[in-house]
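Peer 1: I would like to see how this sequence folds:
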Amino acid sequence: MSLMQFCDGEIAEAEAFSVPLTSHALHYGTGVFEGIRSYATDDGGAAVFRLPEHLERMRKGAEALGMKFDVSQATEAVLATLRANGHRDAYIRPLLWFNAGGLGLDVDKLSERLMVATLPWTSHLGTHRVRLTVSSFRRNPAKALPPLKLCGNYVNSILAKREATQRGFGEALFVDDGGFVVECTGENVFMVKDGHVTAVEHGDALPGITRDTVIQLTGAESRPVRIEELKAADEVFLTGTSAEIARVEAIDERVFAGSPFGDALSTRYADIVRGRSEAARHWLTRV
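Peer 2: Numbers count the residues shown, from 1 in each chain. From the prediction side, this is the model:
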């Protein structure tokens, strides 16, 4: 059975839509997207986690490219697509991109298209602890490309993830030329030392919504962290919409004994996104 998708105000089977081969975004990555999650709730329904925050970040990305983005329209498109597919535990991908109309670098006269797809989903890093390697690549500097979910930005992540996989690791860790930790290819980084939780802060890192959630839940301090300090931590974990709370087993040769804090936080996070925590209901948009 084909999945239903939203595109340009219409919901239909995915095969009903087409994209011109001369679409600007296909050649230059001129689009903006979000990764959002919905979760089955214990009452038999479903809820989207922090939908307004995700779409506000997408709006900022659209603004950076000079695109028009209607948050209200995108909100309705997300919910309508979930309902059309009957999805509860799902990954949601809204994408706004520049269509055909020229292959130059001036985009002001190009038309825009908006789509939403929803897919059944589980954490892309799985439930096992993940092994990291410090990448030989550097993260896109914010002065060159703003740390937003612009399509073209993610070639950087793909190169680093491919290198990590070839080395036999599950994920890549970006470190800058000064030795400060930036983030992973799709996750922010936290560490625990002597019971104190620190959120790695870096100007080139994406301002993660799951990161913000964890800071609010734990009271974590947000500050720059050098790679030597990260490796000396008692525990390291990653946060991201798809990865949720991913516990780290190793960073290259440094192996961490266990993840007691990350394990407990992962359970707490699951309770929140599935509507079992009354105090966090404001983060949920019912489908």
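
Peer 1: which stretches in the stretch 101-250 of the chain count as helices?
Peer 2: For the stretch 101-250 of the chain, applying DSSP state H, counting those that start in this stretch gives helices covering 154-166, 209-218, 227-231.

Peer 1: got JSON lines for those helices, with mean neighbour count, mean pLDDT and distance to Arg276 too?
Peer 2: Glycine gets a C-beta too; all of them are placed from N, C-alpha and C. Output for the helices of the stretch 101-250 of the chain, formatted as JSON lines (neighbours: other CB atoms under 10 Å; pLDDT from 0 to 100; distance: least, CB to CB, whole Å):
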{"stretch": "helix 154-166", "mean neighbour count": "16", "mean pLDDT": "98", "distance to Arg276": "32"}
{"stretch": "helix 209-218", "mean neighbour count": "19", "mean pLDDT": "98", "distance to Arg276": "14"}
{"stretch": "helix 227-231", "mean neighbour count": "17", "mean pLDDT": "98", "distance to Arg276": "32"}
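
Peer 1: what comes up buried for stretch 78-91?
Peer 2: Within stretch 78-91, the residues that count as buried by 16 or more other CB atoms under 10 Å are 78-82, 84-85, 87-88, 90-91.

Peer 1: now stretch 250-259
Peer 2: Neighbour counts over stretch 250-259 (16+ other CB under 10 Å) mark 250-251, 256, 259 as buried.

Peer 1: turn these into CSV, columns for distance to Thr198.
Peer 2: Below are those laid out as CSV (distance: CB to CB, whole Å):
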residue, distance to Thr198
Ala250, 19
Ile251, 15
Phe256, 15
Ser259, 15
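
Peer 1: out of those residues, which two sit at the greatest distance?
Peer 2: Spanning the widest gap among the buried residues of stretch 250-259 are Ile251 and Ser259, at 13.2 Å by CB to CB.

Peer 1: now the helices of the stretch 101-250 of the chain as a markdown table including distance to Val175?
Peer 2: Putting these into a markdown table (distance: least, CB to CB, whole Å) gives the following:
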| stretch | distance to Val175 |
| --- | --- |
| helix 154-166 | 11 |
| helix 209-218 | 18 |
| helix 227-231 | 5 |
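
Peer 1: low-scoring pLDDT stretches of the stretch 151-287 of the chain, where are they?
Peer 2: For the stretch 151-287 of the chain, no stretch has pLDDT under 70.
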